[in-house]
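*Asks:* Here is a sequence with its predicted model. Questions after.
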Amino acid sequence: MQIFDTGDVRLHYRVDGPDDGAPVVFANSLGTDLRLWDPILPLLPQGLRIIRFDKRGHGLSSCPPAPYSMGALITDCERLLDHVGVKECVFVGLSIGGMIAQGLAVKRLDLIRAMVLSNTAAKIGTPDLWAERIKGVEHGGIESLADAVMERWFSAQFCATPELELWRNMLVQQTAAGYAGCSAAISGTDFYTPTSGLRLPVLGIAGSEDGSTPPDLVRETVDLIPASRFHLIRKAGHLPCVEQPAEYARVLTDFLKSVGHI
Ligand SMILES: O=C(O)CCC(=O)CC(=O)O
């Protein structure tokens with residue numbers, strides 16, 4: 001558990017595994033912190049160097065006033081990777097984390113040798129949807145959105161389990177400014193053209209019951225990059241690393257092997 005001051009924000013991050021391990025960077029979604037990846041980490045091969053972080057306004061990172069730009073979120077991540085000395089990582093980005101992955105690959109392809117675009121897209125939602133979401137958070141707090149968010153994050157089956165409460169708690173414990181700030185960043189992002197120009201190995205992962213980034217939307221983005229692969233995880237919503245960790249870890253491990261990272 002460490003803190004890095006980028007100059008604009010203090011980012012909480014965590015590095016696990018040996019210094020000389022093959023680097024795998026995880027960027028999580030809106031309203032989650034780096035514990036999002038806890039269910040899959042024990043299922044990945046030993047010896048990887050795993051880097052995780054909390055976006056600005058999330059988890060234990062500091063919370064600059066909203067709104068944020070996607071450029072700022074990408075720069076935060078770029079500075080963190082330079083700070084920890086990562087190059088040529090496999091970058092796994094989920095939802096807004098996958099937008100950060102796309103933007104970072106366009107800006108600094110030296111940092112990323114392959115990427116996993118999980119439950120994400122070049123463009124997510126519409127400005128009207130995000131304006132409504134931001135208004136809701138500003139007036140009623142994250143709690144006022146939480147039940148609807150759970151229905152997009154998880155399948156109906158998972159929503160009926162006691163574990164749901166843990167993830168709902170994670171959501172409502174994020175800061176309203178962090179949630180609204182990152183929502184504004186998503187609202188202003190359309191990476192369709194820059195992502196079309198990317199040339200690197202890509203694996204797309206979608207959840208069959210994802211109410212935020214449905215499988216067709218994920219596939220449309222992944223198909224922008226020639227030779228990309230796509231995997232659909234059934235019985236999972238927006239966070240398949242939580243709902244189906246064994247399958248998620250297996251697909252990720254196969255991808256790491258296929259690109260020669262392990
Ligand atoms: O999770 C993200 O990063 C953006 C997509 C989203 O809004 C998830 C949700 O529906 O709450």
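*Replies:* Structure's in. What do you need?

*Asks:* Can you tell me which residues in this structure are near the ligand?
*Replies:* When proximity is defined as CB under 6 Å from any ligand atom, the chain approaches the ligand at 29-30, 95-96, 124, 149, 152, 186, 212, 238. Where C-beta positions appear, they are placed from N, C-alpha and C, glycine not excepted.

*Asks:* Just the ones of those residues in helices?
*Replies:* 96, 149, 152, 186 (DSSP state H).

*Asks:* Tell me where the stretch 151-262 of the chain has strands.
*Replies:* Residue ranges of the strands in the stretch 151-262 of the chain, as given by DSSP state E, counting those that start in this stretch, are 202-207, 229-233.

*Asks:* Tell me which of these is the most buried.
*Replies:* With neighbours defined by mean count of other CB atoms under 10 Å, none of the strands of the stretch 151-262 of the chain is more surrounded on average than strand 202-207, at a mean of 26.

*Asks:* Next, the angle strand 229-233 makes with it.
*Replies:* Orientation note: strand 202-207 sits at an angle of 20 degrees relative to strand 229-233 (axes from the mean of the first three to the mean of the last three CA atoms, to 10 degrees).

*Asks:* what mean pLDDT does strand 202-207 have?
*Replies:* Throughout strand 202-207, pLDDT has a mean value of 99.

*Asks:* which other helices and strands contact it?
*Replies:* Secondary-structure packing of strand 202-207 (3 or more CB pairs under 8 Å, 6 or more residues apart in numbering; DSSP states H and E): strand 112-118, helix 215-222, strand 229-233, helix 240-243, helix 245-258.

*Asks:* Need these in a markdown table (columns: mean pLDDT and distance to Val86).
*Replies:* Compiled in a markdown table, these are given as follows (pLDDT from 0 to 100; distance: least, CB to CB, whole Å):
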| stretch | mean pLDDT | distance to Val86 |
| --- | --- | --- |
| strand 112-118 | 98 | 9 |
| helix 215-222 | 98 | 23 |
| strand 229-233 | 98 | 23 |
| helix 240-243 | 98 | 20 |
| helix 245-258 | 98 | 15 |
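
*Asks:* Throw those into JSON lines and include distance to Arg14, thanks.
*Replies:* Formatted as JSON lines, the entries for those read as follows, by distance: least, CB to CB, whole Å:
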{"stretch": "strand 112-118", "distance to Arg14": "19"}
{"stretch": "helix 215-222", "distance to Arg14": "27"}
{"stretch": "strand 229-233", "distance to Arg14": "25"}
{"stretch": "helix 240-243", "distance to Arg14": "16"}
{"stretch": "helix 245-258", "distance to Arg14": "18"}
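
*Asks:* pLDDT at the closest residue to Val9 other than its chain neighbours, what is it?
*Replies:* Setting aside the residues directly before and after it, Val9 is nearest to Arg56 in space (CB to CB, 6 or more residues apart in numbering), at 4.6 Å. What the model reports for Arg56 is a pLDDT of 98.
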